[in-house]
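**Student:** I'd like to go over a predicted model; first the sequence, then the structure.
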Amino acid sequence: MASSSITVVTKADANVVFTLVGNTSQGASYKDVTRDLSVPRTLDFQYFIGNPGALGNDRMVITFRDSRLDTALGKVVTAQVKVEASVPRAAAITSTVVEDLLAHVCSLLTDARCENVADAVVP
């Protein structure tokens with residue numbers, strides 16, 4: 001079951017609260033209700049369950065989107081960041097393996113390293 005809200009922190013250490021707007025067995029959608037609908041800030045979780053059995057591969061995709069009005073272009077533009085986990089149901093891929101991979105991502109994206117990641121992806 002999806003949480004009714006999720007709070008994350010910006011680089012400037014400000015809280016952003018995403019409120020649940022809908023959920024299904026395939027995922028959940030959240031939005032920052034303080035933002036105008038014309039320039040939304042959203043958070044989506046999508047689940048993709050693979051084929052049944054040991055050869056199945058399950059995926060989860062987390063997507064943050066932030067839309068802004070670009071006055072120079074005269075239109076709304078959207079930036080997004082996705083994090084995807086893809087996990088085969090093979091016996092060798094234990095919960096510890098998956099937890100370690102997620103810990104690597106969390107470690108890389110901590111505040112202390114956030115500027116380095118941004119420098120690598122922002123032109």
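**Tutor:** Good, I have the coordinates. Numbers count the residues shown, from 1 in each chain.
**Student:** Quick one: residues contacting residue 14.
**Tutor:** Counting by C-beta atoms under 8 Å, 6 or more residues apart in numbering, residue 14 makes contact with nothing. Yep, even glycine has a C-beta here, placed from its N, CA and C like the rest.
**Student:** What of residue 32?
**Tutor:** Applying C-beta under 8 Å, 6+ apart, we find residue 32 in contact with 16-19, 40-42.
**Student:** Farthest-apart pair in those, please.
**Tutor:** Between any two of the contacts of residue 32, the greatest separation by C-beta to C-beta is 13.9 Å, found for 17 and 40.
**Student:** Please enumerate the strands of the chain.
**Tutor:** Listed in chain order, the strands found in the chain under DSSP state E are 5-9, 15-24, 27-31, 41-48, 57-70, 75-88.
**Student:** Most tightly packed of those?
**Tutor:** With neighbours defined by mean count of other C-beta atoms under 10 Å, none of the strands of the chain is more surrounded on average than strand 27-31, at a mean of 19.
**Student:** packing partners for that strand?
**Tutor:** With contacts defined as 3 or more C-beta pairs under 8 Å, 6 or more residues apart in numbering; DSSP states H and E, strand 27-31 has these neighbours: strand 15-24, strand 41-48.
**Student:** what's in contact with that strand?
**Tutor:** Strand 27-31 is contacted from outside by 2, 5-6, 18-23, 40-47, using C-beta under 8 Å, 6+ apart.
**Student:** try stretch 54-61
**Tutor:** By C-beta under 8 Å, 6+ apart, the residues outside stretch 54-61 that reach it are 44-51, 82-91.
**Student:** Now with 10 Å, please.
**Tutor:** Residues outside stretch 54-61 that contact it (C-beta atoms under 10 Å, 6 or more residues apart in numbering): 27, 44-51, 82-91, 93.
**Student:** Now it: average pLDDT?
**Tutor:** Summarised as a single mean, pLDDT over stretch 54-61 is 87.
**Student:** Domain-wise, how is the chain divided?
**Tutor:** Following the assignment in automatic domain parsing, the chain carries domains at 5-89, 93-123.
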